[in-house]
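In: I would like the atomic coordinates for the input below:
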Amino acid sequence: MMFDGHGWGFGGGLMWLFWILLIMVIVWIIKGGAGGSSSKTSRNEKTPLEILEQRFARGEIDKDEFEEKRKLLEHR
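Out: Okay, the predicted model is just below:
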């Protein structure tokens with residue numbers, strides 16, 4: 001009567017652990033944790049125009065240089 005199916009074997013507590021891990025893996029795969037597509041862009045990546053605007057806002061470049069580089073970026 002020691003092994004009546006309520007122990008910590010595969011049919012007991014480890015079975016819960018198995019299902020929890022399986023669900024976590026499925027959710028991870030669905031959310032794209034397994035690499036995802038390479039076309040997906042991160043929001044942390046800024047466009048060249050955004051970088052240019054930030055440089056202008058910080059005073060690293062003047063208005064003329066900003067306008068010149070902006071025109072070059074728009075014609076790419």
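In: and Leu14, how many residues sit next to it?
Out: Using other C-beta atoms under 10 Å, Leu14 has 12 other residues around it. (Each C-beta comes from the backbone N, C-alpha and C, glycine too.)
In: next one: Glu65
Out: Neighbour number of Glu65 under other C-beta under 10 Å is 13.
In: Give me the next element, helix or strand, following the worst-scoring helix or strand of the chain on mean pLDDT.
Out: Ranked by mean pLDDT, DSSP states H and E, the weakest helix or strand in the chain is helix 13-30, scoring a mean of 87. Moving toward the C-terminus from helix 13-30, the first helix or strand encountered (DSSP states H and E) is helix 48-58.
In: Export only the CA atoms of that next one, formatted as CSV.
Out: Once non-C-alpha atoms are left out, helix 48-58 reads as follows in CSV (Å, rounded to 0.1, in the frame of the first residue of the first chain):
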residue,chain,number,x,y,z
PRO,A,48,18.6,57.2,-38.9
LEU,A,49,16.2,60.2,-38.9
GLU,A,50,15.5,59.7,-35.2
ILE,A,51,19.2,59.6,-34.5
LEU,A,52,19.8,62.8,-36.6
GLU,A,53,16.9,64.6,-34.7
GLN,A,54,18.4,63.6,-31.4
ARG,A,55,21.9,64.9,-32.4
PHE,A,56,20.3,68.2,-33.5
ALA,A,57,18.4,68.5,-30.3
ARG,A,58,21.5,67.9,-28.2
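In: Show me which residues of it are buried.
Out: Under the neighbour-count criterion of 16 or more other C-beta atoms under 10 Å, helix 48-58 has 52, 56 buried.
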